[in-house]
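Novice: This is the structure alone, sequence omitted:
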């Protein structure tokens, strides 16, 4: 509804702009035309009034001005010539005037046919009782005088030109009238033409704009490589369709990226076009087909089409028939089908298609079973935002879990573990946000954040502490440089231990060894974390020249129930003791595990049995737990 109102508002605004522009154009045209017409009228009047003097002649005009007698026939002849002249020039009247005793009299005047019919023909020296101030003042002027006036003959624009009789020095006038009606008619015609012209150009502009918008929409909604409708057209159709329930299939072409990289995108586009044509020829006329992306297309069908028919359309595609013969190209498909509310179709079909690709199925139907996957996706998106805000607002903090020497029953060091405080104050363990951190490539930021907080906390203490660091951190030159700089400034670098995950350390052996060498020159200890979860090759660990080993928690939890694991740990403990390596057992959850580890000669332990990770640390010499 809101968008509809906005659209109407835009239409009203456009129409208002048109009306304002039209009025402005008409007004401008009216003023311009009026000025031109008035200038033309003034010129015609001037020429007409000037010509009166030549038609009547100086002898006639001087005789009238001197009160000499003029014969009736002579007057009629002059009046006739003036009338013919006025008619030829399309002027209402032309005449001459004299002033006697403050009153104006006609010396000669033209007449019209109506004047003759109505008996209103001006006679010689007829009084002009309607003479205006402008008319009388013209006798005392040296320049032509214009005026607009009304009298018994009509509404006119008039010109009076003064002349001086050289014999007696008296002034007489020649004049000409043009009717205002004629003037207004011409102005109306001009305005009408202006309106017609403006409307015509507006119509042309609207037509051109409509064609342009149509072509623009068509180009935006069409895939230029295949000529089929694209994702914009699909989104628009779903938005505008009156059908709220439909079914949609996202079809994924598995080989397109390889085809593009080997043969080029032109061949890849030909493959897509042939596949689109293939489905178009086999689809119902009620179906719509779109190219969604480089390697995806969409089939959209009404809910009335049976699902089996819709599914078979994809399932029956023959993978053994080449889609292109020059060169020969075969493809395989995987697809996801969703049905229901149109607003969720595309997203749900995408999820189903992804499941089909991962599970190597041809078609997967979105169902409630996949709803959990969708919920997980949404959770990941929300968590990514939460993690970013946590970093921005200093809500990534270290928690500390002690490592206990059970022989002395004292804390030997603390492992610093990352925690995230949510916007609602909830404390999250790494399991809840570490995958998002890794996916968002924020591993280095996490390590830098925790490391800097630990350095600040323990700088003025003698407390030993350890921190996990990944191979990715070690491969980041800026992070390595930062750690080296902080270690150089730290007063007791020998109190710091860095824990490296075994599998990552071995997979990036040369880089990890170089990093270990760098931090050990500064006095930092290095241990291999999660030993026993990966390669578990003690010789590889020895080549890294580490200071200790931390046994994987999964092994520790099984030491009581699995004799082989017990013997493995006992063997590692003996080997570590011979080589002078520190051996730590993590995930110690109960007294039975403590007893088994102690029997296997493992003395350094860490786990919730002793203490849960906390935001504070105890005194390093404080007794923790009595082990009987």
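Specialist: Ah, there it is. Computed from a predicted structure; not experimentally measured.
Novice: which residue lies farthest from the center of this protein?
Specialist: residue 69 (93.7 Å; C-alpha atoms, centre = their mean).
Novice: Helix, strand, or coil at that one?
Specialist: Following DSSP: H, G, I helix; E, B strand; the rest coil, the label given to residue 69 is coil.
Novice: what about the strands in the stretch 401-550 of the chain?
Specialist: Secondary structure of the stretch 401-550 of the chain (DSSP state E, counting those that start in this stretch): strands at 410-421, 427-428, 465-469, 496-501, 525-531, 548-551.
Novice: Quick check: the residue farthest from the centre of the chain vs residue 100, distance?
Specialist: Distance, residue 69 to residue 100, using C-beta to C-beta, to the nearest Å: 15 Å. Where C-beta positions appear, they are placed from N, C-alpha and C, glycine not excepted.
Novice: now swap in residue 431 and tell me
Specialist: Taking C-beta to C-beta, one finds residue 431 at 122 Å from residue 100.
Novice: Flag every buried residue along stretch 433-449.
Specialist: 433-434, 436-437, 440, 442-444, 446-449 (16 or more other C-beta atoms under 10 Å).
Novice: Where does confidence bottom out across those residues?
Specialist: In terms of pLDDT, residue 440 ranks lowest among the buried residues of stretch 433-449, with 84.
Novice: Could you find the closest non-adjacent residue to it?
Specialist: Spatially, and ignoring its direct neighbours in sequence, residue 440 is nearest to residue 384 (5.8 Å; C-beta to C-beta, 6 or more residues apart in numbering).
Novice: Equivalent analysis for residue 319, please.
Specialist: Leaving aside its sequence neighbours, residue 319 sits nearest to residue 332 (C-beta to C-beta, 6+ apart; 5.3 Å).
Novice: State the distance from that neighbour to residue 272.
Specialist: Counting by C-beta to C-beta, the gap from residue 332 to residue 272 is 14 Å.
Novice: do the same with residue 324
Specialist: According to C-beta to C-beta, residue 324 stands 10 Å off from residue 272.
Novice: quick one, which of the two is more surrounded?
Specialist: residue 272 (26 against 18; other C-beta atoms under 10 Å).
Novice: does the more buried one really touch residue 291, like I thought?
Specialist: Yes - using C-beta atoms under 8 Å, residue 272 makes contact with residue 291 at a distance of 6.3 Å.
Novice: and for those two, which residues touch both?
Specialist: Taking C-beta atoms under 8 Å, 6 or more residues apart in numbering as the contact rule, residue 272 and residue 291 both touch 225-226, 297.
Novice: Most neighbours out of the residues you listed, which is it?
Specialist: Compared across those, residue 297 has the highest neighbour count, 23 neighbours, by other C-beta under 10 Å.
Novice: got the buried residues for whichever strand or helix holds that one?
Specialist: Here residue 297 sits within strand 296-302, counting by DSSP states H and E. By neighbour count on 16+ other C-beta under 10 Å, the buried set for strand 296-302 is 296-301.
Novice: Give me the packing partners of it, helices and strands only.
Specialist: Using 3 or more C-beta pairs under 8 Å, 6 or more residues apart in numbering; DSSP states H and E, the elements in contact with strand 296-302 are helix 231-240, strand 245-253, helix 265-282, strand 288-293, helix 307-315, helix 342-358.
Novice: what's next to that strand, contact-wise?
Specialist: Residues from elsewhere that reach strand 296-302, judged by C-beta under 8 Å, 6+ apart: 234, 237-238, 243, 246-253, 272, 275-276, 279, 283-284, 286-292, 310, 313-314, 345-346, 349, 353.
Novice: Would you list the strands that it pairs with, along with their directions?
Specialist: The strands beside strand 296-302 in its sheet (DSSP bridges) come out as strand 245-253 (antiparallel), strand 288-293 (antiparallel).
Novice: Of those, which stretch is the most buried?
Specialist: The highest average neighbour count among the strands paired with strand 296-302, using mean count of other C-beta atoms under 10 Å, belongs to strand 245-253 at a mean of 23.
Novice: That one to helix 231-240, inter-axis angle?
Specialist: When axes from the mean of the first three to the mean of the last three C-alpha atoms, to 10 degrees is applied, the directions of strand 245-253 and helix 231-240 differ by 170 degrees.
Novice: next structured bit after strand 245-253?
Specialist: Next along the chain after strand 245-253, taking DSSP H and E as the criterion, comes helix 256-263.
Novice: just how off-centre is that following helix within its chain?
Specialist: Distance, stretch centre to chain centre, for helix 256-263: 31 Å (C-alpha atoms, centre = their mean, to the nearest Å).
Novice: orientation of it relative to strand 245-253 in degrees?
Specialist: Helix 256-263 and strand 245-253 meet at an angle of 40 degrees, taking the same axes, to 10 degrees as the criterion.
Novice: Neighbours of residue 130, how many?
Specialist: 12.
Novice: does it sit in a helix, a strand or a coil?
Specialist: Per three-state DSSP, residue 130 ends up coil.
Novice: For residue 114, give me phi and psi.
Specialist: phi -60, psi -40 (degrees, to the nearest 10).
Novice: So the nearest residue to it once chain neighbours are set aside, which state does it fall into?
Specialist: In this structure, residue 114 finds its nearest non-sequential neighbour in residue 120, 7.8 Å apart by C-beta to C-beta, 6+ apart. Here residue 120 is coil, with the state taken from three-state DSSP.
Novice: number of nearby residues for residue 120?
Specialist: Neighbourhood size, residue 120 [other C-beta under 10 Å]: 12.
Novice: where's it relative to residue 302, distance?
Specialist: According to C-beta to C-beta, residue 120 and residue 302 sit 86 Å apart.
Novice: next one: residue 37
Specialist: Distance, residue 37 to residue 302, using C-beta to C-beta: 67 Å.
Novice: ok, back up a step: confidence score at the residue farthest from the centre of the chain?
Specialist: We note a pLDDT of 80 for residue 69 in this prediction.
Novice: now residue 178
Specialist: You'll see residue 178 listed with a pLDDT of 86.
Novice: ok, and the helix or strand in the protein with the lowest average confidence?
Specialist: Least confident helix or strand of the chain, by mean pLDDT, DSSP states H and E, is helix 180-220 with a mean of 71.
Novice: In contact with the closest residue to residue 282 other than its chain neighbours: list those residues for me.
Specialist: Sequence neighbours aside, residue 313 is the residue nearest to residue 282 in space, at 6.1 Å (criterion: C-beta to C-beta, 6+ apart). By C-beta under 8 Å, 6+ apart, the contact set of residue 313 is 279, 282-283, 299.
Novice: Show me which pair in those is furthest apart.
Specialist: By the measure C-beta to C-beta, 282 and 299 form the most distant pair in these, at 10.0 Å.
Novice: how close does residue 162 sit to residue 172?
Specialist: Residue 162 sits 8 Å away from residue 172, going by C-beta to C-beta.
Novice: hang on, the earlier thing: correct me, but the residue nearest to residue 319 touches residue 320?
Specialist: No - using C-beta under 8 Å, residue 332 is not in contact with residue 320, being 10.4 Å away.
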